[in-house]
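Peer 1: Okay, sequence plus prediction incoming.
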2 protein chains.
Amino acid sequence: MAEPIDFYFDFASPYGYIASHRIDDLAARHGREVAWRPYLLGVAFQRTGIPLVTDQGIRGDYARHDFGRCARYHGVSFQIPDAFPMLAVNPSRAYYWLADQDGAAAKGLARALWRAYFVDNRDISKPEVIAEVAAAQGLDGAAVVAALQDRAIKDRLRQETENAIERGAFGSPYVIVDGEPFWGNDRLDMVEKWLETGGW
Amino acid sequence: MAEPIDFYFDFASPYGYIASHRIDDLAARHGREVAWRPYLLGVAFQRTGIPLVTDQGIRGDYARHDFGRCARYHGVSFQIPDAFPMLAVNPSRAYYWLADQDGAAAKGLARALWRAYFVDNRDISKPEVIAEVAAAQGLDGAAVVAALQDRAIKDRLRQETENAIERGAFGSPYVIVDGEPFWGNDRLDMVEKWLETGGW
């Protein structure tokens, strides 16, 4: 079987959230799995000198309008949270804590965290919110809070972020299919064409 | 009849060039005309503090790869010109010189200028190249070169650029349909959906 598709995203990214509703079904139509890989987009932005989109004047105004328009276009529930943007260190660590134990459960936790953030307006950068969301998924809330300070988990997120940047990621979502990179939720149609044809 | 769709672009923009092959047919399918409005993206970038994409490190590497990939995806001939990027003042002025006299001829000149730049690797920022391209279109090459220094034409481009920025444009292409803005060639499917449905 072919290697999984790599789905890089930042938990604070509305476009990453929207893409998360589409990417696994899209890949499955072509017999492919998806490896979800949260990383810290802020680190990539520091390296490239790109300011956060919502801090870019009229471009930020456009983005704030476009987030909801894209979500509605794809039938995804969405509102801009009060705590937007947020530093996604903790939800990303929570994801990696679970990912090696149970990949499906880790995706389930990621989806629940996103729902808490973009639908229920909870601040998922806070350990106590993560614990609550995890517990509602049948996970051990105390264990996940402990994992947020675990040296190996911290190193894992740092390493995933470095790998993402080395592989060229500078946005969210950033999808790599057999070495070919695609930036943006609005490129998933092109990702599908690439899977169908093997490239052009 | 409804107002025309506004198609803002910079002549140096590969994505604007690709979109120019699609936008008029797309609009015509919904009984709409398209007003082509070249403007100076560099001025918008100065206002927003956004560096030119090709100067943004790994993001620039991605863009250089993506230009050709998108062009092939849409069946558009393309190569990155030696003179890339270029300051699009002169081709934009040439366009506006003709636009008020003969809109269809102005689009024809724009297409010929783009072909000279992105297919034949000519530097269309140079008046002598513009004159040659215009002459091949059956236009008066000397008249277009004179127009490049015409006060009214200069003011027109300045005003169009100001209007574009006032209306929120910060990229190329930037399409406005009945007040609704769409940034990027990869959003033309969404533009089409908007024209079909009137929005969502």
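Peer 2: Happy to help now that I have it. Residues are numbered from 1 along each chain as shown, chains lettered A, B, ... in the order given.

Peer 1: Just name the shakiest helix or strand of chain A by mean pLDDT.
Peer 2: Ranked by mean pLDDT, DSSP states H and E, the helix or strand of chain A with the weakest confidence is helix A:41-48, at a mean of 87.

Peer 1: Quick one: list the elements packing against that one.
Peer 2: Using 3 or more Cβ pairs under 8 Å, 6 or more residues apart in numbering or on different chains; DSSP states H and E as the contact criterion, the secondary-structure elements in contact with helix A:41-48 are helix A:151-166, helix B:58-73. For the C-beta atoms, the positions are set from N, CA and C on the backbone; glycine is no exception.

Peer 1: okay, those helices, which one's buried deepest?
Peer 2: The densest packing among the helices and strands packed on helix A:41-48, expressed as mean neighbour count by mean count of other Cβ atoms under 10 Å in any protein chain shown, is seen in helix B:58-73 with a mean of 17.

Peer 1: got the residue ranges for the strands in chain A?
Peer 2: A:5-9, A:34-38, A:174-177, A:180-183 (DSSP state E).

Peer 1: Tell me which of those strands lies nearest to chain B.
Peer 2: With Cβ to the nearest Cβ as the criterion, chain B lies closest to strand A:180-183 of those, at 6.3 Å.

Peer 1: Just give the closest residue to residue A:150, not the sequence neighbours.
Peer 2: Take residue A:150 and drop its neighbours on the chain: the residue closest to it by Cβ to Cβ, 6 or more residues apart in numbering or on different chains is residue A:97, 7.2 Å away.

Peer 1: who touches the one you found in this structure?
Peer 2: Residues near residue A:97 by Cβ atoms under 8 Å, 6 or more residues apart in numbering or on different chains: A:144, A:147, A:148, A:150, A:153.

Peer 1: picking up where we left off before, would you format the helices and strands packed on helix A:41-48 as a markdown table with mean pLDDT and distance to residue B:30 included?
Peer 2: Shown next, in a markdown table, are the helices and strands packed on helix A:41-48 (pLDDT from 0 to 100; distance: least, Cβ to Cβ, whole Å):
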| stretch | mean pLDDT | distance to residue B:30 |
| --- | --- | --- |
| helix A:151-166 | 97 | 40 |
| helix B:58-73 | 93 | 23 |
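
Peer 1: Make TSV from the ones you listed and add distance to residue A:117 to it.
Peer 2: As requested, the helices and strands packed on helix A:41-48 are arranged in TSV below (distance: least, Cβ to Cβ, whole Å):
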stretch	distance to residue A:117
helix A:151-166	18
helix B:58-73	26
